[in-house]
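Asker: Got a predicted structure here, sequence first:
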Amino acid sequence: MKQLFSSPCATLALISLLLFVPGPISASRVSSASSSNLNKTSSINFLAIGDWGGVGSYVLGFISMDLFRRIEQEKVAVGLAEVAKKQGAEFVMGLGDNFYMSGVGGRHPFDRIERTFEDVYSDPALQIPFYSCAGNH
C-alpha cells in the first residue's frame with residue numbers, strides 16, 4: 001500500500017488541519033494496544049503558525065511593507081512567546097509562506113533569515129525547535 005504522506009512536513013500539516021482549534025494545540029496518544037497501557041497517555045504541546053512571511057519589497061501608502069510586516073510579525077511573536085510560556089510548548093510548526101516575497105536566496109540568504117526569523121522569534125520561550133514546511137501552504 002502506498003503511503004499517503006511520505007514527508008514529515010506533509011504529515012504535520014495534516015495533523016494541524018485535523019486538530020485545528022484557535023490557540024494552543026494539545027494532542028494525546030495511547031502508547032500501546034495492550035490493556036495494561038490503555039490508560040497511560042502522554043501529551044504533546046506545540047504551536048502552529050502559518051504565513052509569518054516577513055519583509056516585503058513594496059510600499060503601502062507612506063509605510064514601507066518591510067516596516068509594516070515587521071511590526072505585525074513582532075506582535076505575533078510576542079503572543080506566541082506568551083502562549084509558549086503558559087503551555088510549555090515543545091516545538092513550533094511552521095505551515096508555509098515562511099519568507100515573503102521571494103524566499104531565501106540571493107547574495108545574502110543568512111541576512112534574510114536573521115531579519116525575518118532569528119531577530120523576531122528571539123524570546124527565550126521560543127528557543128525551541130521550529131519545524132517548517134517550505135513553500136505555499
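Answerer: Yes, it's here.

Asker: Next, the buried residues of the helix or strand encompassing Asn45.
Answerer: Per DSSP states H and E, Asn45 falls inside strand 41-49. Neighbour counts using 16 or more other C-beta atoms under 10 Å place 45-49 of strand 41-49 among the buried residues. Every C-beta, even on glycine, is put in place using the N, C-alpha and C of the backbone.

Asker: CA atoms only: put that strand into CSV for me.
Answerer: Provided in CSV are the C-alpha atoms of strand 41-49 (Å, rounded to 0.1, in the frame of the first residue of the first chain):
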residue,chain,number,x,y,z
THR,A,41,-1.4,8.7,27.8
SER,A,42,1.1,11.5,27.1
SER,A,43,0.6,15.0,25.8
ILE,A,44,2.4,16.9,23.1
ASN,A,45,2.2,20.7,23.4
PHE,A,46,3.1,22.6,20.3
LEU,A,47,2.3,25.8,18.5
ALA,A,48,1.4,26.2,14.8
ILE,A,49,1.9,29.3,12.7
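
Asker: Arg112: helix or strand, and which one exactly?
Answerer: Using DSSP H and E, Arg112 falls in helix 109-113.

Asker: average model confidence for that helix?
Answerer: For helix 109-113, the mean per-residue pLDDT is 72.

Asker: and after it, which helix or strand comes next?
Answerer: strand 130-132.

Asker: Kindly confirm my reading that Asp97 forms part of a strand.
Answerer: No. Assessed with DSSP: H, G, I helix; E, B strand; the rest coil, Asp97 is coil; it does not lie in a strand.

Asker: Checking Ala89 next. Helix, strand or coil?
Answerer: Going by three-state DSSP: Ala89 is coil.

Asker: do the one 4 residues further on as well
Answerer: The three-state label for Met93, taken from three-state DSSP, comes out as strand.
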